[in-house]
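Q: I would like to see how this sequence folds:
(2 chains)
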2 protein chains.
Amino acid sequence: MLKFAINKQEFAKKISVAAQAVGSRTVDPILQCLLFKPENGAINIYSTDMQTFVVAKLPVSEFDGNDFFAVDAKLLEEIVKNIDEDEVIFEYNFGKLNIRSGKTSFNITTYSNPEKFPPLEFEKAGISFEIETSILSEMIDKVIFCASTESAMRALNGVYWEIKNKYLRLVASDGYRLALVEQMLNVEAEIDFIISLKSMKELQNMLSGTDEPVIKVTCDHKKMSVTAGDVTVITRVVEEVFPDYRRVLPKAFKTRISFNKDEFLEALKRNMIIAKRGNDKVKLEIGENVMVLTSQSPEYGEVREELNIEKEGEDLIINFNPRFLNEAVKNIDEEEIVFNFVDELSPMQVNSKDMEGYLYIVLPVRA
Amino acid sequence: MLKFAINKQEFAKKISVAAQAVGSRTVDPILQCLLFKPENGAINIYSTDMQTFVVAKLPVSEFDGNDFFAVDAKLLEEIVKNIDEDEVIFEYNFGKLNIRSGKTSFNITTYSNPEKFPPLEFEKAGISFEIETSILSEMIDKVIFCASTESAMRALNGVYWEIKNKYLRLVASDGYRLALVEQMLNVEAEIDFIISLKSMKELQNMLSGTDEPVIKVTCDHKKMSVTAGDVTVITRVVEEVFPDYRRVLPKAFKTRISFNKDEFLEALKRNMIIAKRGNDKVKLEIGENVMVLTSQSPEYGEVREELNIEKEGEDLIINFNPRFLNEAVKNIDEEEIVFNFVDELSPMQVNSKDMEGYLYIVLPVRA
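A: The predicted structure follows:
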């Protein structure tokens, strides 16, 4: 037997964090479940897809019994979301879970062998540091779109974490572009590892869902655990070597332009209407105080946009995948954007004028 | 040559109405185009999928030239939506269309044989009547969800229009349920026809997009045309016979219950969580002042809801597809809903207490 009453809203929050680590339809059905288990005077929920483990302490003031049970995560999420009243009563007995609230009563079949739920492999070893939730959240937003979703190189299907010289650095690349963000940390030790894109997205959701202002990260060469209040997410690292990103950072620039972010994004958006029906290319013609953006489609026609810029250095004609420019510029929160070019074949570097600690590199495409 | 300037917002409205009648990818490419043609001192846009024809007068104050051209509708819609400035200039010359606005310039390839655009078959013959736009719009909303999307009977894949005894009546049914709505009209003549579901949706969009308070309908046994201000939509009727709906209307009731709409929808929503994982059935147990709703899933369990009701007549146990109850009750704008039952095997009739002119019939399912 296990019985507890819980506030619907509080419960829904915990469930939604835990449900993210739940496996998909095709795998072992126990990985589609949440495990409820009393431990140390509280009830914890566990979930895992064998790559990420989540443990969340339930906000129940008291509970009866010491049984544990596993129940389908999606079903439970849907039930809790659709309940009317604030208080929900859970009562588990001999494989049957009764969920009651007001005039509603669900009798749910639970997983028959809850003792087979994968155990949490977790020792509190490795390097630890604290960081503001909002800062880590922003850092992830600024690089995650560059991680590859399909590269054959597993190292690129994730985000590289590097703790070195008292800095935390996150780097992501799909081989055509690279984003890097860094933040000072009060940590002496040094370590680096790769976290898969799926796990990064789970972490992103966890950070945006928590009210905790500061989170704690603990990591070693096998796993990273992130704790925000009552919720801990433990992720296996990807056992691959990330390419040396320092090699692709450009050294000297010949052309530097700056322009208004929104005007550029608008012009680019219209170019993309034609580019996506053609060769997925935008041509930038950089002259004195003006940049002309053009895209072509053999079937539909062409588009031409003029944009006011400030320029230092040489004139230049260079082609890019417009999506790569769009995603980079969109992720910068400043009004003025700076592009730094070497030549029409070398990586271009995007900065905002006033922002430190962020770097975006994108390779041009051939004309 | 054809040249005109147009306000972006006004143009976007007309385009979006016309673009609905545009054919899909697989058919003749000219059916994916809009035709622009000067006629009687104005420029009209035409579109068609050979089932529906749309003609919309463009809000241009003046224009030059008397050429006509056809251009891809989706491309044009996307361009106009993404233009910054209010004024857009169109200039057509020898197959090339230039669209300019501010610092933006599109050179678009047009369809090479615009004279092949299907001609509009339209004589102003048949029965004509005027009706308030909002009234017809509501009538359609109240029946369209009952039309079948997949019945082998083509007559059921649409909405039946009947003008008789000074009433306009719309009826839709998928064989399991039927919705009927009627409205008094000042028309002596009698006619009936079927309009396909796709054409009904185009009409629905046209009505929700227009600012005209009153629309004009003209129909004969071959087509129906609806005119709202500058826009006319002409639809071929489906040449089938609609089943005699009067035969399924129940005559005498043994049980009648009334209850609160929102409470019922909430209880039903929770039943559907289990029903959709099981046999897609909700059981209603109607007793004195209370109705119990239960659904079962062999794999996941069961749910039980109690609802306060007022009852006249006999107790009853009856099963329904919960989606059919949900869609019916959702479409009634009153707080109090009335269900009228004959017995557990006969069609049930849904009314709202205070609303005239609407009727919904649904068949029960076996226990």
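
Q: check contacts around A:Leu136.
A: A:Leu136 makes contacts with A:Gln183, A:Leu207, A:Ile215, A:Val217, as judged by CB atoms under 8 Å, 6 or more residues apart in numbering or on different chains. Where you see a C-beta, it was placed from the backbone N, CA and C, and this is true even at glycine.

Q: Repeat that for A:Val238.
A: By CB under 8 Å, 6+ apart, A:Val238 lies in contact with A:Arg154, A:Ala155, A:Asn157, A:Gly158, A:Phe193, A:Ile194, A:Ile195, A:Ser196.

Q: Next up, phi/psi of the first one, please.
A: The phi and psi torsions at A:Arg154 (degrees, to the nearest 10) take the values phi -60, psi -30.

Q: how near is it to chain B?
A: Shown here: A:Arg154 relative to chain B, a distance of 36 Å by CB to the nearest CB, to the nearest Å.

Q: Give me the pLDDT for the closest residue to that residue other than its chain neighbours.
A: Spatial nearest neighbour of A:Arg154, excluding adjacent residues (CB to CB, 6 or more residues apart in numbering or on different chains): A:Glu240 at 5.0 Å. On pLDDT, A:Glu240 comes in at 94.

Q: Check the one 5 residues further on too.
A: At A:Tyr245 the predicted local confidence, pLDDT, stands at 91.

Q: Now it. Its backbone dihedrals?
A: Dihedral angles (degrees, to the nearest 10) for A:Tyr245: phi -70, psi -20.

Q: again with A:Ala228
A: Taking degrees, to the nearest 10 as the convention, A:Ala228 sits at phi -120, psi 100.

Q: Just give me the neighbour total for the nearest residue to A:Lys222 once chain neighbours are set aside.
A: Nearest residue to A:Lys222 in three dimensions, chain neighbours excluded: A:Val237, at 6.3 Å (CB to CB, 6+ apart). A:Val237: 19 surrounding residues under other CB atoms under 10 Å in any protein chain shown.

Q: and which of the contacts of A:Leu136 is nearest chain B?
A: Chain B has its nearest neighbour among the contacts of A:Leu136 in A:Leu207, at 29.4 Å by CB to the nearest CB.

Q: So for the helix or strand containing the closest one, mean pLDDT?
A: Element membership for A:Leu207, per DSSP states H and E: helix A:197-209. Helix A:197-209 shows a mean pLDDT of 91.

Q: now for the helix or strand following that helix, which elements pack on it?
A: Downstream of helix A:197-209, the first helix or strand assigned by DSSP H and E is strand A:214-219. The helices and strands touching strand A:214-219, judged by 3 or more CB pairs under 8 Å, 6 or more residues apart in numbering or on different chains; DSSP states H and E, are strand A:127-132, helix A:133-144, strand A:223-228.

Q: one more time with 6 Å, if that's ok
A: strand A:127-132, strand A:223-228 (3 or more CB pairs under 6 Å, 6 or more residues apart in numbering or on different chains; DSSP states H and E).

Q: For the stretch 1-150 of chain A, give me the ranges with low pLDDT.
A: A:25-26, A:121-124 (pLDDT under 70).

Q: rerun that using 80 as the cut-off
A: A:23-27, A:120-125 (pLDDT under 80).

Q: Residue numbers of the stretch 101-250 of chain A in contact with chain B?
A: The interface of the stretch 101-250 of chain A toward chain B, taken as CB under 6 Å from any CB of the partner chain, is made up of A:Lys103, A:Thr104, A:Ser105, A:Phe106, A:Asn107, A:Ile108, A:Thr109.

Q: Secondary structure and neighbour count for the residues you listed - can I get that in TSV?
A: TSV is the format used below for those (DSSP: H, G, I helix; E, B strand; the rest coil; neighbours: other CB atoms under 10 Å in any protein chain shown):
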residue	secondary structure	neighbour count
A:Lys103	coil	18
A:Thr104	strand	22
A:Ser105	strand	17
A:Phe106	strand	24
A:Asn107	strand	16
A:Ile108	strand	23
A:Thr109	strand	17
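
Q: for the residue nearest to A:Leu345 when sequence neighbours are not counted, what are its contacts?
A: The shortest distance from A:Leu345 to any non-neighbouring residue, by CB to CB, 6+ apart, is to A:Pro364 (6.4 Å). By CB atoms under 6 Å, 6 or more residues apart in numbering or on different chains, A:Pro364 lies in contact with A:Ile318, A:Asn319, A:Phe320.

Q: Quick check: the farthest pair among the contacts of A:Val238?
A: A:Asn157 and A:Phe193 (14.0 Å; CB to CB).

Q: Helices of chain A, start to end?
A: With helices called from DSSP state H, chain A shows them at A:8-19, A:73-81, A:133-144, A:197-209, A:261-275, A:322-330.

Q: Flag every buried residue along stretch A:176-195.
A: A:176-183, A:185, A:187, A:192-195 (16 or more other CB atoms under 10 Å in any protein chain shown).

Q: Next one, pLDDT for the residue nearest to A:Leu345 please.
A: At A:Pro364, pLDDT is 96.

Q: if I look at the nearest residue to A:Ile127 once chain neighbours are set aside, how far off is B:Val55?
A: Among residues not flanking A:Ile127 along the chain, A:Ala189 sits closest, at 4.7 Å (CB to CB, 6+ apart). Distance, A:Ala189 to B:Val55, by CB to CB, to the nearest Å: 74 Å.

Q: OK, contacts around the closest residue to A:Pro213 other than its chain neighbours?
A: Nearest non-adjacent residue to A:Pro213, counting by CB to CB, 6+ apart: A:Thr133, 5.9 Å away. A:Thr133 makes contact with A:Leu207, A:Glu212, A:Pro213, A:Ile215, according to CB under 6 Å, 6+ apart.

Q: ok, now with 8 Å
A: A:Leu207, A:Thr210, A:Glu212, A:Pro213, A:Val214, A:Ile215, A:Ala228.

Q: need the contact list for A:Glu182.
A: A:Tyr167, A:Leu168, A:Arg169, A:Leu170, A:Gly357.

Q: Just the buried residues of those.
A: Using 16+ other CB under 10 Å, the buried ones in these are A:Leu168, A:Arg169, A:Leu170.

Q: any idea how far B:Lys8 is from the second one?
A: According to CB to CB, A:Arg169 and B:Lys8 sit 45 Å apart.

Q: Quick one: low-confidence residue ranges for the stretch 201-350 of chain A.
A: For the stretch 201-350 of chain A, counting by pLDDT under 80, not a single residue falls below.

Q: and the gap between the residue nearest to the spatial centre of chain A and A:Val217?
A: Closest to where the C-alpha atoms of chain A average out (CA atoms, centre = their mean) is A:Lys201, at 3.4 Å. Distance, A:Lys201 to A:Val217, by CB to CB: 17 Å.

Q: Report the separation between the closest residue to A:Lys96 other than its chain neighbours and B:Ser295.
A: In space, and not counting its chain neighbours, A:Lys96 is closest to A:Asn107: 6.0 Å by CB to CB, 6+ apart. In this view, A:Asn107 and B:Ser295 are 11 Å apart by CB to CB.
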